[in-house]
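Enquirer: Using only what follows, build the 3D model:
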Amino acid sequence: METTAYLFAHFKGAQKTADDEQIYFAVSRDGYEWRNLNGGKPVLRSVLGEGGVRDPHIMRSHDGKKFFLIATDLYIYGKWGETKEGWYRCQREGSSSLMVWESEDLIHWSEQRMVQVMPDDAGCVWAPECIYNDKTGDYIVYWSSRSGFDNHEKQRIFISHTKDFITFSEPGIYIDREFSVIDTSIIKAGGKYYRFTKNHDEASIYLEVSDDAEGEFTEIESFSMKGVTGYEGPTAYKMNGEDKWCVLMDAFATDGGYRPFLTDDLSSGVLTPQSGFKTPDMFRHGTVVPITEDEYQNLVTHFKVE
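Expert: Purely as a prediction, here's the structure:
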């Protein structure tokens, strides 16, 4: 399958209106300069759970026949409040479910599904993502949660298996550190799995690698962003027609939006900052998926482009 453009699914900062915490689409020809679809209005709105939705992750199915979009059930603006106390409460009293949509063409989407993936005593289910695991022949879905078994002491990354994004296995612990971890994002390249995760206590990203999506991961100590604070929501995508990868990180501490880094060797851990990354407004915690020319043209025709 030849891909010639990119689709960015995201929400908006900084939660100043009811619409900011919904799903937006943008497209790009080069992966750097982005244009809004649908007049800069939400493409998908949450009508379940808390009524707001954040951290969308979009992926093409393993057989290439459809797309899955999963997201966090969280409504800071309308329920918890953009305050220190609001963020404290939503991590301990928030939704234990994730939101799911699916589509065969990126235009027409299924009805929203709300899937409880954590026990009732879990305080939150944040930033769910997924990747196909060749060894198990299904998708692993992972997210961060605070759980009641340790009185919500810290964030851990939990994992579940699914074949259809309807039925999910019981959750298990995927990443457990002495510090809180959130915002895990995985990309497969050269037969290896590269896993970006936020050290939530330090507010920095670290990078690991493994031959197995559920095997033992080794930290890449040479990662050039290790210990650099103020970033979250990492996401990575392969550049069309090139053996290069773009890694985006959300500079949340400065409200700077996403900042791009480029590498031709993920195993080196060396990321080079890039200029020329432009978005029409502030994109927050989302994902990029390469798309075909037909998919790009259909999106632009149906939703229009700014």
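Enquirer: hmm, which helix or strand of the protein has the shakiest average pLDDT?
Expert: Lowest on mean pLDDT, DSSP states H and E among the helices and strands of the chain sits helix 84-93, with a mean of 92.
Enquirer: Report the distance from it to the chain centre.
Expert: Averaged C-alpha coordinates place helix 84-93 at 21 Å from its chain's average position (C-alpha atoms, centre = their mean, to the nearest Å).
Enquirer: Would you mark the buried spots in the next helix or strand after it?
Expert: Downstream of helix 84-93, the next assigned helix or strand under DSSP states H and E is strand 97-103. Within strand 97-103, the residues scored as buried using 16 or more other C-beta atoms under 10 Å are 97-102. To be clear about C-beta, it is placed using only N, CA and C from the backbone, and glycine gets the same treatment.
Enquirer: ok, now stretch 293-303?
Expert: 295-296, 299, 303.
Enquirer: now swap in stretch 209-219 and tell me
Expert: 209, 213-214, 217.
Enquirer: how far does that stretch stretch from start to finish?
Expert: End-to-end span of stretch 209-219 (C-alpha to C-alpha, to the nearest Å): 6 Å.
Enquirer: Then stretch 84-100?
Expert: Per C-alpha to C-alpha, stretch 84-100 runs 28 Å from first to last residue.
Enquirer: and it, how far from the chain's centre?
Expert: That offset, for stretch 84-100, works out to 17 Å (C-alpha atoms, centre = their mean).
Enquirer: buried ones in it?
Expert: Under the neighbour-count criterion of 16+ other C-beta under 10 Å, stretch 84-100 has 89-91, 94-100 buried.
Enquirer: what does stretch 149-167 give?
Expert: By neighbour count with 16+ other C-beta under 10 Å, stretch 149-167 contains the buried residues 152, 154-162, 165.
Enquirer: what does stretch 35-54 give?
Expert: 35-38, 42-44, 46, 49-54.
Enquirer: Check stretch 165-182 too.
Expert: 165, 168, 171, 174-175, 180-182.
Enquirer: Put together a markdown table for these, with distance to residue 70 and pLDDT on each row.
Expert: As requested, those are exported to a markdown table (distance: C-beta to C-beta, whole Å; pLDDT from 0 to 100):
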| residue | distance to residue 70 | pLDDT |
| --- | --- | --- |
| 165 | 7 | 98 |
| 168 | 11 | 98 |
| 171 | 14 | 98 |
| 174 | 15 | 98 |
| 175 | 18 | 98 |
| 180 | 21 | 97 |
| 181 | 19 | 98 |
| 182 | 15 | 98 |
